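Novice: Here is my input; please provide its structure:
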Amino acid sequence: MALLERLGDFIWNPWLLGLFLLTGLYLSVRTGFFQLFDCGLWLRTTLGSLFRKKEPRGGRRGITQFQALSTALASTIGTGSIAGVATAIFYGGPGAVFWMWVSAFLGMMTGCVEKILAVRYREPSPEGGWQGGPMCYMEKGLHSRALAVLFSACCVCASLGGGNMVQSNSIATALEATFGWDGLAVGVVTALLTGAVILGGIGRIGKVSERLVPLMALLFLGGGVVVLAVHAGAIPGALAAILEGAFTPKAALGGGAGYGMAAAMRYGVARGVFTNEAGMGSSAMAHAASDVKESAEQGMWGIFEVFVATLVVCTVTALVILTTGVYDPEAALRAIQSGSAEGALVGAPLSAAAFGTVFGRWGGAFVSVCLILFAFTSLLGWSYYGERGLSYLTRSSRWRWPYRILFLAAVAAGSVGEVSAVWQLADIFNGLMALPNLAALLLLSPEALTLLRTWRQARTGRRGRTSAGKE
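Specialist: The predicted structure follows:
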């Protein structure tokens, strides 16, 4: 266990987290900060399109753009959006929220380029529609099957760990703590419900996600807005604490002990990365199956995905925690220093306590229901990602059914197993997915930026700031 923890820390801190930030910064600068100065364009293309009726536009019908987004959000808006944000604040202080925002802001362009390349290099699916992802643009764009194989192998492993067992364990733990239900029984039912969806392939996953993801997001955001309305007077103070903690952290305990800027950056950036997956390459596989014709247009949904997953959902979680008074920085620091943080109010219990200030004893039940929905949809998204990785490795679909059976068995096993080691393995495999993907994004960025510039000019009639070279 100690070896896995050291290996995970070596991959993620600080090298990979820094690479995520630098990649997002590079792409943002090259596009003239498109995500900010052209927010009207990408909002009209994404959110605005939901109110316009349109027919599928691809040459081969796939899932709709909204279904692709919902499938991607199904895996990104997971338990980290509730428990992960609370953990980041507990260990990194309020300043971690600011660095979460920074990583998401820069990650919007990483997600954009990632989705552009996913559609640019996708291929027809044997079942009809489209399939693709980082393995396709690594092989076709970079002509490197070795990188594609590394990515795909790590994707399969990550799907059976962090994308599977950890999520089912979260569901079982939540239901057992709230209602006293047996963990194994919950795991078996979860496996059956997951199987009923994933056995229908990406089409059924997209249709279920299209209905479930908006429901769960609106449920959580609605509850969060109610809590924030009750504690509206504390919002300015919470925002001030976030900014102060990001740049000028103060000692909270005697002897000068307090949250440092390094801790705020570490946990904030890590939470931003884990909640939107921009740069990891996973959600690009869902977007590649969209029926969109213009690859740059799908990039707009990549921006919107990061915006919703982190800048909206995670921000609501953070503000609910910081405005309700359940988070005590001094108590948190004492627990960290004494090594008793595991038993302290951290993670999902911290979020539950925050909602409980308004909903009373139903606060825990509300958080548990949201956790269940978030974790279940994550299972759906990651099942498809693992299946795509295996299909690329074997160059056939013959192993699809054995993989699905193994995936569902892991769902049941994860509900009663000790998943601390699985978390470590998931972090390692996620990191090994991200390394080749980020390299591919940087190397192929000139082509992606050219596609973005051309599409933007066609849509607006103006020369864009995006360029692969000099305008």
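
Novice: For residue 300, give me its contacts.
Specialist: Counting by Cβ atoms under 8 Å, 6 or more residues apart in numbering, residue 300 makes contact with 41-42, 45-46, 112. Glycine gets a C-beta too; all of them are placed from N, C-alpha and C.

Novice: Out of those residues, grab the one that's most surrounded.
Specialist: With neighbours taken as other Cβ atoms under 10 Å, the top of the contacts of residue 300 is residue 112, carrying 32 neighbours.

Novice: Thought residue 303 was touching residue 42, still the case?
Specialist: Yes: at 4.9 Å, residue 42 counts as touching residue 303 under the criterion of Cβ atoms under 8 Å.

Novice: Mutual contacts of those two, please.
Specialist: Contacts common to residue 42 and residue 303, judged by Cβ under 8 Å, 6+ apart, are residue 35.

Novice: pretty sure residue 329 is touching residue 91, no?
Specialist: No: the criterion here is Cβ under 8 Å, and residue 329 misses it with residue 91 at 11.1 Å.

Novice: quick one, strands of the stretch 1-150 of the chain?
Specialist: Taking DSSP state E, counting those that start in this stretch, the strands of the stretch 1-150 of the chain run over residues 123-124, 130-131.

Novice: The stretch 301-450 of the chain now?
Specialist: Under the criterion DSSP E, counting those that start in this stretch, the stretch 301-450 of the chain contains no strands.

Novice: Could I get the buried residue list for stretch 290-298?
Specialist: Residues of stretch 290-298 classed as buried under the neighbour-count rule (16 or more other Cβ atoms under 10 Å) are 290-292, 294-298.

Novice: Distance of residue 438 relative to residue 21?
Specialist: Shown here: residue 438 relative to residue 21, a distance of 11 Å by Cβ to Cβ, to the nearest Å.

Novice: Tell me the helices and strands packed up against the longest helix anywhere in the chain.
Specialist: Counting residues, the longest helix found in the chain (DSSP state H) is helix 420-460. Helix 420-460 sits against helix 2-11, helix 17-30, helix 39-45, helix 95-120, helix 134-140, helix 145-160, helix 166-179, helix 295-306, with contacts defined as 3 or more Cβ pairs under 8 Å, 6 or more residues apart in numbering; DSSP states H and E.

Novice: Just checking the distance from that helix to the centre of its chain.
Specialist: Once both centres are worked out by Cα atoms, centre = their mean, to the nearest Å, helix 420-460 turns out to sit 13 Å from its chain's centre.

Novice: Please apply the same query to stretch 279-288.
Specialist: The chain centroid and the centroid of stretch 279-288 are separated by 10 Å, computed with Cα atoms, centre = their mean.

Novice: Next: stretch 113-128.
Specialist: Put simply, stretch 113-128 sits 20 Å off its chain's centre (Cα atoms, centre = their mean).

Novice: try stretch 151-164
Specialist: Stretch 151-164 has its C-alpha centroid displaced from the chain centroid by 15 Å (Cα atoms, centre = their mean).

Novice: For that stretch, report the contacting residues that lie outside it.
Specialist: For stretch 151-164, contacts defined as Cβ under 8 Å, 6+ apart pick out 75, 134-135, 138, 281-282, 378-379, 381-383, 385-390, 392-393, 403, 406-407, 410-411, 414, 422-423, 425-427, 429-430, 432-433, 436-437.

Novice: what are the ranges of the helices in the stretch 301-450 of the chain?
Specialist: Ranges of helices within the stretch 301-450 of the chain are 315-323, 329-338, 348-359, 362-394, 400-414, 420-460, based on DSSP state H, counting those that start in this stretch.

Novice: Which positions within the fourth one qualify as buried?
Specialist: Same thing as helix 362-394. 363-393.

Novice: does residue 203 really touch residue 129, like I thought?
Specialist: Yes: counting by Cβ under 8 Å, residue 203 sits close enough to residue 129 to count as a contact (7.5 Å).

Novice: Between these two, which has more neighbouring residues?
Specialist: Remark: of residue 203 and residue 129, residue 129 carries more neighbours, 22 against 16, as counted by other Cβ under 10 Å.

Novice: Per-residue confidence at that one, what does it come out as?
Specialist: Looking at residue 129, its pLDDT reads 84.

Novice: Tell me the spacing between it and residue 272.
Specialist: Going from residue 129 to residue 272 by Cβ to Cβ gives 31 Å.

Novice: how far out from the middle of the chain is stretch 224-232?
Specialist: Centroid separation between stretch 224-232 and its chain, computed with Cα atoms, centre = their mean, is 25 Å.

Novice: How about stretch 404-415?
Specialist: With Cα atoms, centre = their mean, you get 22 Å for stretch 404-415.

Novice: What lies in contact with that stretch?
Specialist: By Cβ under 8 Å, 6+ apart, the surrounding residues in contact with stretch 404-415 are 159-160, 164-169, 171-172, 183-184, 186-188, 190-191, 194-195, 198-199, 379, 383, 386-387, 422.

Novice: Tell me how many other residues crowd residue 5.
Specialist: Using other Cβ under 10 Å, residue 5 is surrounded by 15 other residues.
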